[in-house]
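K.L.:
below are the sequence and a predicted model; questions follow.
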Amino acid sequence: MGEHESKIFEAFGGNVRFEGSEPIFDSPLVVLLFTNRCGSNLFSEHLVNSKYITGMVESCNYPRVIKQRDIFGVSSYADYVVEEVKHKISAGQSFGLKANVGQLIMLLRWNIIAMFSGLVVYQVVRDDLLDQAISMSIAKQTGQWSSKNSKKNAADPVFDFEGIERFLNRNAEQNIAGRLLVETLNVPFEVFRYEDFAVDPTPSINK
């Protein structure tokens, strides 16, 4: 288990699996499969603005899950998902969330997909893996992950060849692993490239 899965598992005392025999929601779960600095936040905003998809929150990240667990007053991860979805979804919409490949495996392992009528996966990738790795190196050093949380006194980043190489290789492996995983699931799947939707999101969102 990855860090998020293990800490969520611990937070709920192992009570994480959906044991129902029928879906709770009559719309599919939309998973945005991503790697860090691939443009997933931008693509999420476009999806939500379409009004067909809601949520697009990080429901697989342990800090958010633990915080919302306390707000919702729930004792299982499946109940947390119910509360998260019902507070956001409206008629005619699908609920979406962001996940890396390990988190998608977590959702499958815990049978969370069975809470929905199906699964749709959109994978966001960045063709320029070097540019993505450099962006990750800068963000990790400065703590400036987006323009919304910029730090005025952030230290200037330094060139870190080994770190950039590590990020580049990991993102390439994650992109391939995600693609292979989804192909085994035989669910609706589409890849969207940052270099395309960053210039003009309309064709991607229409698709």
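P.N.:
Nice, I can see it. Nothing here was measured: the structure is a model prediction, and the numbers come from that model. Numbering: from 1, shown residues only.
K.L.:
for the helix or strand bottoming out on mean pLDDT in the chain, name the packing helices and strands.
P.N.:
Taking mean pLDDT, DSSP states H and E as the measure, the chain has helix 129-142 as its least confident helix or strand, at a mean of 83. Secondary-structure packing of helix 129-142 (3 or more Cβ pairs under 8 Å, 6 or more residues apart in numbering; DSSP states H and E): helix 161-185. Heads up, the C-betas are built off the backbone N, CA and C, glycines and all.
K.L.:
what mean pLDDT does the helix it packs on get?
P.N.:
Confidence over helix 161-185 (mean pLDDT, whole number) is 93.
K.L.:
so residue 53 bridges to which residues?
P.N.:
residue 94 (DSSP bridges).
K.L.:
what residues are up against it?
P.N.:
Contact analysis of residue 53 by Cβ atoms under 8 Å, 6 or more residues apart in numbering lists 30, 47, 93-96.
K.L.:
7 Å instead?
P.N.:
30, 47, 93-94, 96 (Cβ atoms under 7 Å, 6 or more residues apart in numbering).
K.L.:
so which of those is the most crowded?
P.N.:
residue 96 (25 neighbours; other Cβ atoms under 10 Å).
K.L.:
separation between residue 171 and residue 82?
P.N.:
Residue 171 sits 33 Å away from residue 82, going by Cβ to Cβ, to the nearest Å.
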